[in-house]
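Q: When you get a sec, could you give me coordinates for this:
(2 chains)
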There are 2 protein chains.
Amino acid sequence: MFETAELGAKTSREEFDAAAGPLRLELLALQEKLREADFPVLVLFAGVDGAGKSESVNLISEWLDPHWIVTRAYENPSQEEAERPSFWRYWRDLPKKGQLGLFLSGWYSRPVLDRVYRRSDMAEFDRRLDHNKAFERLLADDGALILKFWMHLDKKSQKKRLKAFEADPLQCWRVKKGDWKNWRRYDKFIEAAEHAIRRTDFSHARWTIVDGGDHRHRGLTVLRHLRDALAQHLARPKPRRHKPAKPKPLRTTVLGTLDLSQKLGEKDYVTALREARAELAVLAREAHGRGISSVALFEGWDAAGKGGAIRRVTAGLDARHWQVIPVAAPSDEEKAHHYLWRFWRHLPRAGHMLIYDRSWYGRVLVERVEAFARQEEWQRAYAEINNFEDQLLHHGMVLAKFWLHISSEEQYRRFELRDSVAYKKWKLTEEDWRNRAKWDAYEAAVHEMVERTSSAAAPWTLIEGNDKNFARIKIIRTLCDRYRHRLAQP
Amino acid sequence: MFETAELGAKTSREEFDAAAGPLRLELLALQEKLREADFPVLVLFAGVDGAGKSESVNLISEWLDPHWIVTRAYENPSQEEAERPSFWRYWRDLPKKGQLGLFLSGWYSRPVLDRVYRRSDMAEFDRRLDHNKAFERLLADDGALILKFWMHLDKKSQKKRLKAFEADPLQCWRVKKGDWKNWRRYDKFIEAAEHAIRRTDFSHARWTIVDGGDHRHRGLTVLRHLRDALAQHLARPKPRRHKPAKPKPLRTTVLGTLDLSQKLGEKDYVTALREARAELAVLAREAHGRGISSVALFEGWDAAGKGGAIRRVTAGLDARHWQVIPVAAPSDEEKAHHYLWRFWRHLPRAGHMLIYDRSWYGRVLVERVEAFARQEEWQRAYAEINNFEDQLLHHGMVLAKFWLHISSEEQYRRFELRDSVAYKKWKLTEEDWRNRAKWDAYEAAVHEMVERTSSAAAPWTLIEGNDKNFARIKIIRTLCDRYRHRLAQP
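A: Numbers count the residues shown, from 1 in each chain, chains lettered A, B, ... in the order given. As a prediction, the model looks like this:
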């Protein structure tokens, strides 16, 4: 694989200077177009130490307008980073649409090194590479241009390069603790790299192998690739928006099977609430002590009682350990990112509970029904969401997903009530009436959502909500179950 | 001070129910107005454990629309929080304009408890209270409504309350490790609280002392206060925008004293750059190892060479340890906060270096000259900025501030050059020419900025920039000095 990068290609100063001027102009013109475009560019540098990764980053920053470039390089995760799924920090640092993100020691660095030092076996290595694939796939699907450069040097050249750095007071810091240790494992490193590249090389996130021997040759190679890829990506046709197919009315849906007549009398409710909340408080405290965090999300019909249910859950918990994130219209920073970005950014610290009042499922509910998302966008969202939740679960989080169901008649009754009770009026908007008119379309969307995203590990709990007492108790008890299930594991 | 809160005031259920309905309506109407207003509301709850702080938060969340409420409660700082000045986490959590922020165990909690347990002496206690004052002052000046509630219970009642909590399985978690320990120090606690309240009670951030004995009485007290204060704040007249006074041309400015003829020949430059960078790399590495972080900011005339200078600084440093933040137009999230918020959010982790390409000084430069900020806004900004930088220094950070100066003729020459060299053309905009026309106004603003914000601990370094070589070397050497100075301290 790396033979092509060991041919000793060289570029003379004259050649470089002759090429640099026009190339730089082209890149600047492309960057200006990029600023207006609706996608970000991610450029990832990996490879042999000393083969010119950070020099390439410097060259790009020098040639282009640095105001639209974000550079990130990673060390061992900080405590706050370690308390979240491993991709959290990469999500945080993603460039906005119109920006260029340059990544050093990014999401390939640790999987490869852990394999080189045999801290992970092949199965674990592949699992992590699959996460990288899914991450890049999801960004590319959203429009991102992803370029991955493997900067190469053969073993002898690397030794020479490291020695030269060490002898130079200006460069000696480049040789880090561990670089020589890595060098002695050169063959293992190359073997792991080859495996990683082969497994993660796709047309939407291609690897480019660069001969790192000559700095002029290497610089031109990287920048020409960037130019070509960017020009091509900018010229790609806009995805067409199809008129959404009229959803077929479903005769039977998962919601139709719910027994909405279930009720809980006031007296039973008060006793049950007391007991269930006490239990939840104990479980949440144990989870906090063990550093287990949890995510609960609430979806449901307008007026189904999400807000009230959430308050019943939190009222008995220590306010320092939970937060509610109401999901409304995205801010402009959020709009400039992948739709999952705004949910990643809030993920809770170890031992904390986060409640999303509406969630990422908006993508397959309101965005689908109102055609804010294109068909292929909401259709691929199921897999994206499943992958996201897998990462939460793999990190050891508790995950609970509630759909609050009420009948269409009950919703009507509550709308009327809201309209007549002064202090409830604010809860009712024009939009609620509009959504109500699309009940069937929403019901079909909910049905498919449950079908595609409810699994043994991340089940949907459908709540019979016509009786608020019944609903609230079922929610708190379900949360207790999810906690208990998790706490029984190490 | 607390006698008034020990009179045993009570509200019957009937009185409460009669008052609740209309009060709730008023609050909802006010919240709706608030959403359109250009200020946030901060409500801070402090006081005796068991006196109803979190119950008050719950009541507000229940009565109002929770989508516009942010609740935050604090524990011991996390590692990432501890790596920044202590107010960093409060800045991160500030509500946006139009929102209501509810704070539990906020910025009074630790100063008071540290004093109670004699972990800090009176001087340190007062110093921290002064920080609280400055924080609230700055937010209030920016328009924020700040309410502070001290929830009170006498010693006997607190004992009864804690015992009652412990006996109740639903409430027992409320009695935390340390609550009984605190109770035994009740008198010291009250003494410290009294001192804190007296020292931080101002018309723009008033304390309200609430008798926490009866939950209905306490709830109505808090919510009525919130209603009255909010109504008053919404009705306050808009600040008038005066036509900015024409700045008097200054005969002598600090910039006028710089010797712009200083030069460094190419050969000397190459040697000096090599040496200075090597030294900086060594110092930065030592700082990283010791967890000392640093902030460098660059201001200067258009085309003065900020970007080039920054690249010369960073090119020799480990990319994992620095970041450049280009300061452009604020995002809508940033616009919804105090102007310093966007700078607080980026503050570096321990051992990291952050470079601001333009900075918070925009407030007293472009915002002043272009009249984006009102006169009283930019005039008070000097004190706000000095306080902000004091916090960085007090946290042990390295701080370097550069003004890159060039003569008006040199700027003209560079503009022309940019216009004629294809790959530099992007650097020149219409705005640059417009700014140039206001040279005198900017020079007066720079003069006053240096006068008011340059101190022994946080000096401005004025860079003679007509010769780029000379400027770059002076910048790197100054950075080295600032590092050396800091590293000589423990």
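
Q: Could you count how many residues lie near A:K438?
A: Using other Cβ atoms under 10 Å in any protein chain shown, A:K438 has 15 other residues around it. (Each C-beta comes from the backbone N, C-alpha and C, glycine too.)

Q: Please apply the same query to A:F125.
A: Neighbour count of A:F125, defined by other Cβ under 10 Å: 20.

Q: repeat for A:R349
A: A:R349 sits with 17 neighbouring residues when counted by other Cβ under 10 Å.

Q: who's in contact with the closest residue to it other than its chain neighbours?
A: Computed as Cβ to Cβ, 6 or more residues apart in numbering or on different chains, the closest residue to A:R349 that is not its neighbour in sequence is A:E83, at 5.0 Å. Shown in contact with A:E83 (Cβ atoms under 8 Å, 6 or more residues apart in numbering or on different chains): A:291, A:293, A:349-350.

Q: so where do the helices sit in the stretch 201-350 of chain A?
A: Applying DSSP state H, counting those that start in this stretch to the stretch 201-350 of chain A gives helices spanning A:215-235, A:266-290, A:306-314, A:332-335, A:341-344.

Q: secondary structure class for A:A51?
A: Of the three states, A:A51 takes coil under DSSP: H, G, I helix; E, B strand; the rest coil.

Q: A:E275 versus that one, what's the distance?
A: Look at A:A51 and A:E275: by Cβ to Cβ, to the nearest Å, they are 64 Å apart.

Q: more crowded one of the two?
A: More neighbours surround A:A51 than the other of A:A51 and A:E275, with 25 against 16 (other Cβ under 10 Å).

Q: What sits closest to the more buried one if chain neighbours are left out?
A: The nearest residue in space to A:A51 (Cβ to Cβ, 6+ apart) is A:G212, at 3.0 Å.

Q: Number of residues surrounding A:E266?
A: By other Cβ under 10 Å, 7 other residues sit near A:E266.

Q: Can you tell me how far it is from B:S12?
A: From A:E266 to B:S12 the distance is 22 Å (Cβ to Cβ).

Q: And for A:Q391?
A: 53 Å.

Q: Counting neighbours, go ahead and name the busier of those two.
A: Counted by other Cβ under 10 Å, A:Q391 and B:S12 do not tie: A:Q391 has more neighbours, with 20 against 11.

Q: Can you read off the pLDDT for the more buried one?
A: Predicted confidence (pLDDT) at A:Q391: the value is 93.

Q: Do I have it right that it meets A:F87?
A: Yes: here A:Q391 reaches A:F87: they are 6.4 Å apart, a contact under Cβ atoms under 8 Å.

Q: joint contacts of these two?
A: Here A:Q391 and A:F87 share the contacting residues A:H131, scored by Cβ under 8 Å, 6+ apart.

Q: Worst mean pLDDT among the helices of the stretch 201-350 of chain A?
A: Comparing mean pLDDT across the helices of the stretch 201-350 of chain A, the lowest value falls on helix A:332-335: a mean of 90.

Q: so does that one get close to chain B?
A: Yes: against chain B, helix A:332-335 shows contacts by Cβ under 8 Å from any Cβ of the partner chain at A:332-333.

Q: What residues of stretch A:106-125 count as buried?
A: If you call a residue buried by 16 or more other Cβ atoms under 10 Å in any protein chain shown, then stretch A:106-125 has these buried ones: A:106-116, A:120, A:125.

Q: Enumerate every residue touching A:Y339.
A: A:Y339 touches A:142, A:360, A:363, A:381, counting by Cβ under 8 Å, 6+ apart.

Q: Please tell me how far it sits from A:I355.
A: A:Y339 sits 19 Å away from A:I355, going by Cβ to Cβ.

Q: Can you give me the end-to-end span of stretch A:99-111?
A: Chord length of stretch A:99-111, first to last residue, is 27 Å (Cα to Cα, to the nearest Å).

Q: whoops, I mixed them up, stretch A:446-463
A: Distance between the boundary residues of stretch A:446-463 (Cα to Cα) amounts to 13 Å.

Q: again, but for stretch A:169-186
A: End-to-end for stretch A:169-186, by Cα to Cα: 25 Å.

Q: and A:L273, how many neighbours?
A: 19.

Q: try A:W183
A: If we define neighbours as other Cβ under 10 Å, then A:W183 has 18 of them.

Q: residues contacting it?
A: By Cβ under 8 Å, 6+ apart, the contact set of A:W183 is A:49, A:155, A:158-159, A:162.

Q: From those, list just the buried residues.
A: A:49, A:158, A:162.

Q: These into JSON lines, with extra columns for distance to B:P459 and pLDDT?
A: Converted to JSON lines, the buried ones among the contacts of A:W183 look like this (distance: Cβ to Cβ, whole Å; pLDDT from 0 to 100):
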{"residue": "A:D49", "distance to B:P459": "39", "pLDDT": "87"}
{"residue": "A:Q158", "distance to B:P459": "44", "pLDDT": "91"}
{"residue": "A:L162", "distance to B:P459": "40", "pLDDT": "90"}
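
Q: what subset of the residues you listed is also close to chain B?
A: Counting by Cβ under 8 Å from any Cβ, no member of the buried ones among the contacts of A:W183 is near chain B.

Q: Quick one: those as TSV, columns for distance to B:T208 too.
A: Listed next are the buried ones among the contacts of A:W183 as TSV, based on distance: Cβ to Cβ, whole Å:
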residue	distance to B:T208
A:D49	61
A:Q158	68
A:L162	66
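
Q: what's the closest of those to chain B?
A: Of all these, chain B sits closest to A:D49, with 12.5 Å by Cβ to the nearest Cβ.

Q: Tell me which residues touch the closest one, please.
A: Neighbouring residues of A:D49 by Cβ under 8 Å, 6+ apart: A:158, A:162, A:175-176, A:179, A:182-183.

Q: repeat that for 10 Å
A: Residues near A:D49 by Cβ atoms under 10 Å, 6 or more residues apart in numbering or on different chains: A:151, A:153, A:158, A:161-162, A:165, A:174-176, A:178-180, A:182-183, A:186, A:189.

Q: three-state assignment of the closest residue to A:S78 other than its chain neighbours?
A: Spatial nearest neighbour of A:S78, excluding adjacent residues (Cβ to Cβ, 6+ apart): B:E80 at 5.8 Å. When classified by three-state DSSP, B:E80 comes out as helix.

Q: I'd assumed B:A350 was in contact with B:E80.
A: Yes: the pair B:E80 and B:A350 passes the contact test of Cβ atoms under 10 Å, sitting 9.0 Å apart.

Q: what residues are shared contacts of those two?
A: In contact with both B:E80 and B:A350: A:S78, using Cβ under 10 Å, 6+ apart.

Q: ok, now how distant is A:V254 from chain B?
A: Distance, A:V254 to chain B, using Cβ to the nearest Cβ, to the nearest Å: 28 Å.

Q: So for that residue, what pLDDT did the model give?
A: pLDDT at A:V254 comes out at 88.

Q: okay if I get the contacts of A:E83 as CSV plus pLDDT?
A: Listed next are the contacts of A:E83 as CSV, based on pLDDT from 0 to 100:
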residue, pLDDT
A:G291, 94
A:S293, 96
A:R349, 91
A:A350, 92
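
Q: Can you tell me how far the residue nearest to A:A51 is from A:K160?
A: From A:G212 across to A:K160, the span is 12 Å (Cβ to Cβ).

Q: How about A:G47?
A: 16 Å.

Q: More neighbours: which of these two?
A: Using other Cβ under 10 Å as the criterion, A:G47 and A:K160 rank with A:G47 on top: 23 against 14.

Q: and the nearest residue to A:R13 once chain neighbours are set aside, what is it in contact with?
A: Once flanking residues are discounted, A:R13 sits nearest to A:R216: 6.9 Å by Cβ to Cβ, 6+ apart. Counting by Cβ under 10 Å, 6+ apart, A:R216 touches A:10-13, A:15-17, A:19-20.
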